[in-house]
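Visitor: Have a look at this prediction, sequence included:
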Amino acid sequence: MNPALEMREISKEFPGVRALDAVSFDCLPGEVHAICGENGAGKSTLMKVLGGSYRPDAGEIRIGGSVMRLTHPREAAQAGIAIIHQELSLLPHRSVTENIFMGHELVRKGFAGMLLDRAAMRGRAVALLQRVGARISPDDIVAELSIAEQQLVEIAKALLLDARILVLDEPTAALDDRDARHLLDLIRALRGQGVALVYISHRMPEVAAIADRVTVLKDGRLVWTRPQAEATIPAIVSAMVGRDLKDFYPAAPASAPGETVLQLQDVRAAGLPGISLSLRRGEILGVAGLEDSGKGQLARLLAGDLRPEGGTARLAGEPMPLGNPRRVIAAGLGYLPADRKREGLTLRQSVRDNAALALRAMRPAWARPGAGVFAKEALDAGLSRMDVRAAHYGQDIGALSGGNQQKAIIARWLALDPAVLLFVEPTRGIDIAAKAAIYQTMRDTADQGRGIIVVSSDLPELIGISDRILVMHRGTIQGELPRGASEQEIMRLSLGVAA
C-alpha cells in the first residue's frame, strides 16, 4: 500500500535554531500514526511544514505519491490535508453550520443574484454531524457548546473538504475521560474509512491504545519509528527524554497531613447545590468528575470567580471571602487556571513580568522605584528554582513551551507564599518530562505545609499525585476515594453510581 503522506528528509532552520534535521515521516491510508516528543522536539514545526505555514529548507512532501509544493495553508487544504489544533479555530458567535462552511459557503441563484443556500448547507451539516457522532443541532451557537462538541465541529469541517489526511494535535487535552473515549472511537471509525490520521499527544495510554505506529522526535531529529507492538510506553518515554522516568509520580508523603487549612460547609452557588469539603496542610486533594459534573464551577468558586449563595468557608483559620478574586488571593489562595494562555498569562510580556503579576497586584511596594533590583533578583531566583527554561527572563513568555509557562505561573504564586494552591488541569498540553517536574513541585510544596487542590480530567494524573480524591457528579461530591484508587472506582462515582 502506498502512503497517503510522505515527508522525506525535511529540514527547517530558524535563526540560531535547527528545528528539524532531515526528518522523514509517512502515514498510510487507514492508519493512525502517532508523533511523540517533548515540547521543542519539532512536532509542531513538522506539522506547520505539512500545513503550508512553513516552507522547508530541504526535503520533499508527497501526497498520494505525487510531490507537492505546499506554500500556503490553502494549498494544503486543497491537497486533502486538515490540521485540527489544540486551540480550536472556530467563530464562537456563529452557528455550527456557519462554522462548518466558513470559506466554502454554498450558493444558489435568486431574483437579486447569488444567495447563500442556507437550506443546503444545513442539510449537509446535519449529515456531517451524524458522521462524527455529534448530538448537537446545526443551528447551535458554537460558544454555547462544550469543548468536546466544538472539537467534533472542527472534524466535521475537515470531512466537508474530504480531507484524506487528518492531523489531530493534542485532541483530548481539554476533554474528560468519557469525551476522550468517544473521540478515540471516532478516530477508529475514520481509520476504517481509509483516512490517514496523524495523532500528536502527550497522553501515553491513548497513544498505546490508538496508534498503529509511533514516531518519536527529539531535538528536531527522528529517534525512531516503530509498530505499535514495539512502541511500549516505557520505550516511548525513554526515547523522548533520553532516560527512564521510573519515578514519574512522587512518592507518598512520609508523615500525615497537618491541621485543616481550608473548609467549605454547605456552600451553594450556581451549579453547586451544596459543597462541603476540607483540605489539610501537607495534603494533595484531587477533584475528579465528568465535564458537566460541577468541578469547573467548584474551581471558579474557590478562585473567587463565582459568587456563593449560602454556606460558610474558612481559609487559614479566617472566614474566606468567596466571590472576590482579589480578596481570595489576599486571604492566601493561589490559582492556576485551566487555560493558562487566556487566563493566566500576558503572552507579549516577559517571563519576569508574568511572574511578578500577583506581587504587583497584592504588594504594590514591589512596583515602586527603588524596589526594582530587589524584585528582579527575587523573581529570577524563584523562576530559577522552578527551572523555567528561557533564553533570559526578559524574553516574552509566549515564546516558551507550555511546561515552562506553567512553571512560571507556579513561581508567581510561590512568591506570595499562599496557604493553598489550586491547580486546574495543571499539565494540559505539557510534555512528559515537564509533567514529572510539576508533580514533584506539587509534592514539595505540600510537604512545606501548604494545601494543594488539583482539579483534573486526567485520571492517571489524579491517581498518581493525590492523597485523597473527591469525585463530583451533578454539582455535588458523590464520594471520596483514598490514595491509589482505581480508574474504575472514579468512573463509577463520576457516573453517579454509589461506591
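Guide: Structure received. Note that the structure is predicted; figures quoted are calculated from it, not measured. Numbers count the residues shown, from 1 in each chain.

Visitor: At which residues are the strands of the stretch 201-350 of the chain located?
Guide: Ranges of strands within the stretch 201-350 of the chain are 213-218, 221-227, 260-269, 272-280, 284-289, 308-315, 318-319, 333-336, based on DSSP state E, counting those that start in this stretch.

Visitor: what's the most buried one of these?
Guide: Of all the strands of the stretch 201-350 of the chain, strand 284-289 has the most neighbours on average by mean count of other C-beta atoms under 10 Å, namely a mean of 28. C-beta: built from backbone N, CA, C; applies to glycine.

Visitor: Restrict that one to CA atoms and write it as PDB.
Guide: Written as PDB, here are the backbone C-alpha positions of strand 284-289 (Å, rounded to 0.1, in the frame of the first residue of the first chain):
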ATOM      1  CA  ILE A 284      -2.800  17.000  47.800                       C
ATOM      2  CA  LEU A 285      -6.600  16.700  47.300                       C
ATOM      3  CA  GLY A 286      -7.700  15.600  43.800                       C
ATOM      4  CA  VAL A 287     -11.100  16.500  42.300                       C
ATOM      5  CA  ALA A 288     -12.400  14.300  39.500                       C
ATOM      6  CA  GLY A 289     -15.700  14.300  37.500                       C
END
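
Visitor: Partner strands of it and their direction?
Guide: strand 451-455 (parallel), strand 468-473 (parallel) (DSSP bridges).

Visitor: Any idea how many residues pack against residue 469?
Guide: 26 (other C-beta atoms under 10 Å).

Visitor: Which pLDDT value does the model give it?
Guide: Looking at residue 469, its pLDDT stands at 97.

Visitor: need the contact list for it.
Guide: Listed by C-beta atoms under 8 Å, 6 or more residues apart in numbering, the contact set of residue 469 reads 285-288, 462-463, 480-482, 485, 490.

Visitor: what do you get for residue 347?
Guide: The contact partners of residue 347, taken as C-beta under 8 Å, 6+ apart, are 341, 396-398.

Visitor: Same check on residue 362?
Guide: Counting by C-beta under 8 Å, 6+ apart, residue 362 touches 326, 329-330, 416.

Visitor: In CSV: the residues you listed, plus pLDDT, neighbour count and distance to residue 162.
Guide: Shown next, in CSV, are those (pLDDT from 0 to 100; neighbours: other C-beta atoms under 10 Å; distance: C-beta to C-beta, whole Å):
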residue, pLDDT, neighbour count, distance to residue 162
326, 91, 11, 51
329, 92, 20, 50
330, 91, 16, 56
416, 87, 16, 53
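
Visitor: Ramachandran angles for residue 141?
Guide: phi -80, psi 130 (degrees, to the nearest 10).

Visitor: ok so, going back, for the strands of the stretch 201-350 of the chain, which one sits closest to residue 9?
Guide: Nearest of those to residue 9, taken as C-beta to C-beta: strand 221-227 at 9.9 Å.

Visitor: distance of the one residue sitting closest to the centre of the chain from residue 201?
Guide: Geometric centre of the chain, nearest residue: residue 428, 3.1 Å, by C-alpha atoms, centre = their mean. According to C-beta to C-beta, to the nearest Å, residue 428 stands 12 Å off from residue 201.

Visitor: got it, and residue 348?
Guide: For residue 348, the distance to residue 201 - C-beta to C-beta - is 28 Å.

Visitor: circling back: what's the overlap in contacts for residue 428 and residue 201?
Guide: What both residue 428 and residue 201 touch, as defined by C-beta under 8 Å, 6+ apart, is the set residue 173.

Visitor: Direction included, what does the strand or helix carrying residue 197 pair against?
Guide: Counting by DSSP states H and E, the element that carries residue 197 is strand 196-200. For strand 196-200, the pairing partners within the sheet under DSSP bridges are strand 32-36 (parallel), strand 165-169 (parallel).

Visitor: Go through these and pick out the most buried.
Guide: It is strand 32-36: most buried of the strands paired with strand 196-200 by mean count of other C-beta under 10 Å, with a mean of 25.

Visitor: got the angle for that one vs strand 221-227?
Guide: For strand 32-36 against strand 221-227, the angle by axes from the mean of the first three to the mean of the last three C-alpha atoms, to 10 degrees is 150 degrees.

Visitor: Helix or strand next in line after strand 32-36, which one?
Guide: Using DSSP H and E, the next helix or strand after strand 32-36 towards the C-terminus is helix 43-50.

Visitor: and the gap between the residue of the chain most remote from its centre and residue 117?
Guide: Largest separation from the mean C-alpha position in the chain: residue 111, at 48.9 Å (C-alpha atoms, centre = their mean). Distance, residue 111 to residue 117, by C-beta to C-beta: 14 Å.

Visitor: returning to what we had before: give me the PyMOL select line for the contacts of residue 347, limited to the buried ones.
Guide: Selection of buried members from those for PyMOL, criterion 16 or more other C-beta atoms under 10 Å:
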select buried, resi 397
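
Visitor: Between the contacts of residue 347, which sits nearest residue 320?
Guide: Closest to residue 320, out of all of the contacts of residue 347 and judged by C-beta to C-beta, is residue 341, at 28.1 Å.

Visitor: Need the pLDDT of that closest one.
Guide: With respect to pLDDT, residue 341 scores 81.

Visitor: What sits closest to it if chain neighbours are left out?
Guide: Nearest non-adjacent residue to residue 341, counting by C-beta to C-beta, 6 or more residues apart in numbering: residue 347, 6.3 Å away.

Visitor: next one: phi and psi at that neighbour?
Guide: For residue 347, the backbone dihedrals (degrees, to the nearest 10) come out as phi -60, psi -20.

Visitor: same check, this time on residue 482
Guide: When read as degrees, to the nearest 10, the backbone of residue 482 gives phi -80, psi 170.

Visitor: any idea how far it lies from residue 489?
Guide: As defined by C-beta to C-beta, residue 482 lies at a distance of 10 Å from residue 489.

Visitor: So these two - more neighbours on which side?
Guide: Under the criterion of other C-beta under 10 Å, the comparison of residue 482 against residue 489 puts residue 489 first, with 18 against 10.

Visitor: Skipping its backbone neighbours, what lies nearest that one in space?
Guide: Residue 489 sits nearest to residue 481 (C-beta to C-beta, 6+ apart), 5.7 Å away.

Visitor: if we can go back for a sec, could you report the pLDDT at the residue farthest from the centre of the chain?
Guide: 70.

Visitor: Report the contact partners of it.
Guide: Contact analysis of residue 111 by C-beta under 8 Å, 6+ apart lists nothing.

Visitor: doesn't residue 176 make contact with the residue nearest to the centre of the chain?
Guide: No. Taking C-beta atoms under 8 Å as the definition, residue 428 is not a contact partner of residue 176, at 11.9 Å.

Visitor: what's the angle from the one helix or strand residue 191 maps to to strand 32-36?
Guide: Assigned by DSSP H and E, residue 191 falls within helix 177-192. Here helix 177-192 runs at an angle of 130 degrees relative to strand 32-36 (the same axes, to 10 degrees).

Visitor: Against which helices or strands is helix 177-192 packed?
Guide: Packing contacts for helix 177-192, counted by 3 or more C-beta pairs under 8 Å, 6 or more residues apart in numbering; DSSP states H and E, involve strand 32-36, helix 147-160, strand 196-200, helix 204-210, helix 487-494.
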